[in-house]
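In: Here is a sequence with its predicted model. Questions after.
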Amino acid sequence: MDKMFKIVKDNAKSIREKSVEVDLITPEIIDLANKMADYLKHTQDEKYREKHHLREGVGLAAPQIGKNIKVIVVYYEEQNEDGSIRVIDHRLINPRIISESVKQVYLSGGEGCLSVDGEHEGYVYRNYKILVKAFDAKAQKEVVVTARGYEAIVLQHEIDHLNGILFYDRIDKSNPFKQIEGAERL
Ligand code: CO
């Protein structure tokens, strides 16, 4: 199986284009979403990552692999307080945010992106909690995903890609580390 994608960088015009809806959920589309998730999993394996000179990623949008269609994946593992592992694994087709909190959230270290090699320092504020409606390639049905905090950040970052938006577009150029009252810092 081909796990290697050529990642489209932010100097390519296509990364700024709006992606189109997937009209028909075909086995090929499901397969694409699964391959994108596999790719992320591989980038999280240090040995594999170094061998293939990959960067570690937790999210990927189809325009980043040269397909301007509405498919995103988010994959990472996190440790619960009791030590158990929670796997965050979203393989979403035609995702749309149907609800979002007023409360904001941001990463203290800023965001990164597989398509962005340059340095772009500053805070990216996003909605702390979102509801995303999509066709889930894993469950093979329409779902509503509820996400908070880091998970919500990654989902919003990937959905931005479908609109040609990159994380640094959301950094305040005149005040990159500005504080927004009430925002959660992660
Ligand atoms: Co990105």
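Out: Everything's here; your move. Residues are numbered from 1 along each chain as shown.
In: Only C-alpha atoms from now on, for both contacts and neighbour counts.
Out: Fine.
In: Farthest from the middle of the chain: give me that residue.
Out: Relative to the centre of the chain, the most outlying C-alpha is that of Asp82, 26.5 Å out, by Cα atoms, centre = their mean.
In: Partner strands of the longest strand seen in the chain and their direction?
Out: What stands out as the longest strand in the chain, according to DSSP state E, is strand 85-100. Sheet pairing for strand 85-100, assigned by DSSP bridges, gives strand 71-79 (antiparallel), strand 129-136 (antiparallel).
In: Tell me the buried residues in the helix or strand just after the shortest one?
Out: Read that as strand 129-136. Moving toward the C-terminus from strand 129-136, the next helix or strand (DSSP states H and E) is strand 141-148. Across strand 141-148, burial judged by 16 or more other Cα atoms under 10 Å covers 143-145, 147-148.
In: quick one: contacts of the lengthiest helix in the chain?
Out: The residue-count maximum for a helix in the chain (DSSP state H) belongs to helix 27-43. Helix 27-43 has contacts (Cα atoms under 8 Å, 6 or more residues apart in numbering) with 3-5, 48-49, 54-60, 71-76, 89, 91-92, 137-138.
In: switch the cut-off to 10 Å
Out: Here helix 27-43 makes contact (Cα atoms under 10 Å, 6 or more residues apart in numbering) with 1-5, 22, 26, 44, 48-50, 52-62, 65, 69, 71-77, 89-93, 136-138, 140.
In: Please check those residues and keep the buried ones.
Out: The neighbour count (16+ other Cα under 10 Å) marks 44, 49, 54, 56-62, 65, 69, 71-76, 89-93, 136-137 as buried among those.
In: Might one say that Gly66 is in contact with Phe5?
Out: Yes: with contact defined as Cα atoms under 10 Å, Gly66 counts as touching Phe5 (9.0 Å).
In: And the contacts of the helix or strand of the chain with the lowest mean pLDDT?
Out: Across the helices and strands of the chain, mean pLDDT, DSSP states H and E gives its lowest value to helix 46-51, namely a mean of 94. Here helix 46-51 makes contact (Cα under 10 Å, 6+ apart) with 40-43, 53-56.
In: at 7 Å what do you get?
Out: Residues outside helix 46-51 that contact it (Cα atoms under 7 Å, 6 or more residues apart in numbering) are 42-43, 55.
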